[in-house]
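1. this is a predicted model, with the sequence first.
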Amino acid sequence: MLKKFQRWKKEQQTGERPLSDRKNELLKYEVPQHIAIIMDGNGRWAQKRSLPRMIGHHEGMKVVRTITKAANNLGVKVLTLYAFSTENWKRPKIEVEFLMKLPEEFLGTFLPELIEENVQVRVMGHLEDLPPHTLRAVEKAMNETKHNTGLILNFALNYGSRAEMVEGIKRLAADYQQNQLEIEDINEELISSYLMSKELPDPDLLIRTSGELRLSNFMLWQLAYTEFWFTDTLWPDFTEEDFVEAIEDFQHRGRRFGGV
Ligand code: IPE
Ligand code: IPE
Ligand code: MG
């Protein structure tokens with residue numbers, strides 16, 4: 001409520017267009033079907049406040065809820081969120097353990113709401129390496145939402161693009177060895193079908209927060225023609241306004257896919 005009031009006050013003072021008008025305007029044009037987000041900057045958000053990094057991760061979790069709702073309301077079909085990379089195991093044990101508890105907390109709190117809003121939860125990543133309690137939480141969510149037809153909320157959890165390719169190529173090679181396919185069958189479509197994102201369209205828009213200008217091993221194959229949008233805002237500070245701004249920006253881009 002307070003946030004809504006502050007937003008209203010700011011709009012009055014700066015003459016900015018109200019968020020509701022901006023959202024209505026967005027809907028007149030092409031809304032990206034698939035938005036992928038590298039949610040970065042939780043640690044720095046906390047450090048700036050002399051708080052432990054975990055508090056930043058916890059704040060970031062709340063933003064996931066806000067942006068999921070916003071995406072669903074705008075009719076986005078897929079929202080992929082980079083939650084934990086295959087390289088994030090390098091972090092201190094205590095931080096990794098905390099991060100592995102977040103899916104349970106998030107889904108424990110918001111699963112009923114996600115079900116209510118017809119959201120379908122999916123997870124892509126090396127699930128076999130997750131602690132059992134994390135795996136249980138995500139499997140429960142996937143099961144309970146599998147028939148939902150609204151937004152696909154796709155968490156990239158223990159995901160890394162190179163590991164995804166290595167694993168996909170191994171399966172492809174095994175299928176070749178067992179005469180399931182010929183060399184001539186190998187094309188872009190077939191390769192896509194061996195990736196964890198199979199069945200999903202490629203992202204139209206990639207957002208990365210926190211000012212870092214890199215992909216950090218995220219969806220290297222799938223982002224070939226995606227529009228990139230970077231912001232210095234740290235993930236726990238990311239708002240619905242920022243999300244709308246990224247989509248507004250996307251709508252002003254001319255995608256050519258190699259054509260003219
Ligand atoms: C993103 O925030 C969340 C994860 C990678 C799990 P970071 O934890 O990377 O935050 P910074 O980049 O250190 O600020
Ligand atoms: C990418 O962020 C991974 C996630 C957001 C989950 P990192 O913080 O791990 O990436 P680097 O280390 O800055 O490249
Ligand atoms: Mg980071």
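-> Perfect, thanks for sending it. Numbering: from 1, shown residues only. Ligands and ions are numbered 1, 2, ... in the order given.
2. from now on I want contacts and neighbour counts done on CA atoms only, so please keep to that.
-> Fine.
3. give me the residue from the chain nearest ligand 1.
-> Proximity of the chain to ligand 1 (C-alpha to the nearest ligand atom) peaks at Gly41, 3.2 Å away.
4. what's the burial count for that residue?
-> 24 (other C-alpha atoms under 10 Å).
5. quick one: contacts for it?
-> Residues in contact with Gly41, defined by C-alpha atoms under 8 Å, 6 or more residues apart in numbering, are 209-210, 234-236.
6. gap between it and Val64?
-> To Val64, Gly41 is 14 Å away according to C-alpha to C-alpha, to the nearest Å.
7. on that earlier part again, distance check, the residue of the chain closest to ligand 1 against Ala70.
-> 21 Å.
8. one step back: ok, the contacts of Gly41 vs Glu113, which is closest?
-> Nearest to Glu113 among these, counting by C-alpha to C-alpha, is Pro236 at 20.6 Å.
9. and the most centrally placed residue in the chain, helix, strand or coil?
-> Closest residue to the average C-alpha location of the chain: Leu81 at 1.6 Å, with C-alpha atoms, centre = their mean. Per DSSP: H, G, I helix; E, B strand; the rest coil, the secondary structure class of Leu81 is strand.
10. beta partners for it?
-> Ile37, Phe155 (DSSP bridges).
11. looks like it contacts Asn158 (just checking).
-> No - counting by C-alpha atoms under 8 Å, Leu81 stays clear of Asn158, with 11.6 Å between them.
12. the closest residue to Trp229 other than its chain neighbours and Ile67, how far apart?
-> Nearest residue to Trp229 in three dimensions, chain neighbours excluded: Ile207, at 4.9 Å (C-alpha to C-alpha, 6 or more residues apart in numbering). Note on Ile207: its distance to Ile67, by C-alpha to C-alpha, is 12 Å.
13. following the helix or strand that contains Arg171, which helix or strand shows up next?
-> Using DSSP states H and E, Arg171 maps to helix 161-177. Next helix or strand after helix 161-177 toward the C-terminus (DSSP H and E): helix 188-193.
14. centre of the chain to the helix holding Arg171, how far?
-> Using C-alpha atoms, centre = their mean, to the nearest Å, the mean C-alpha position of helix 161-177 is found 24 Å from that of the whole chain.
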